[in-house]
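K.L.:
show me how the following folds:
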Amino acid sequence: MNVFIMRHGEATTFANNDRERELTEHGQDEVIGMTKRCAKDFAAVDEIWASPYIRTQQTASVVSTIIDKKIVTHGFLTPTNNPDSVLKVLAAEDKTILIVSHQPLVGTLVDKLADLETGRYRMGTAAVANINLPFWAMGCGELSWLYQPSD
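P.N.:
A predicted model of the protein is given here:
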């Protein structure tokens, strides 16, 4: 099984609240660049799962336009949600999922799924990780790659 984990692109600093922060032009460019870089791998994606926050919806929309995959919005993909709850939902799926979410959730998911030292790998804006799992369980995956927009 495969899971892709992507952090949203660069977002504006200010908004009425955190949920309403939008992608900057640079953030959109980051997402376009990373999606094109990962397009061959993303061909395996069955669905894009995204947080309901505006910046993740915009990120997922850019990715969806490029790879022509459906977006499913999930309230459990917000920045501070428990990664264990995400895993429970993933475990019920028989699909390759691209998760589009926020720090610290995305970094924690990568660390926990692949049993990595906490915080060892930074998930910058628009970063994408690919984790191979023999089955859905924390610590059982292998980090295949993690790309940053600047790599």
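K.L.:
what about stretch 81-99, start to end distance?
P.N.:
13 Å (CA to CA, to the nearest Å).
K.L.:
identify each buried residue in that stretch, please.
P.N.:
Neighbour-count burial for stretch 81-99 flags Asn81, Pro83, Val86, Leu87, Leu90, Thr96, Ile97, Leu98, Ile99 (criterion: 16 or more other CB atoms under 10 Å). Where you see a C-beta, it was placed from the backbone N, CA and C, and this is true even at glycine.
K.L.:
and of those, the nearest to Ala43?
P.N.:
Of all the buried residues of stretch 81-99, Ala43 sits closest to Thr96, with 9.6 Å by CB to CB.
K.L.:
circling back to that earlier point, dump the buried residues of stretch 81-99 into TSV; add secondary structure as well.
P.N.:
What follows is the buried residues of stretch 81-99, written out as TSV (DSSP: H, G, I helix; E, B strand; the rest coil):
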residue	secondary structure
Asn81	coil
Pro83	helix
Val86	helix
Leu87	helix
Leu90	helix
Thr96	coil
Ile97	strand
Leu98	strand
Ile99	strand
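K.L.:
quickly check these for the two that are furthest apart.
P.N.:
Checking the buried residues of stretch 81-99 with CB to CB, the most distant pair is Asn81 and Thr96, at 21.2 Å.
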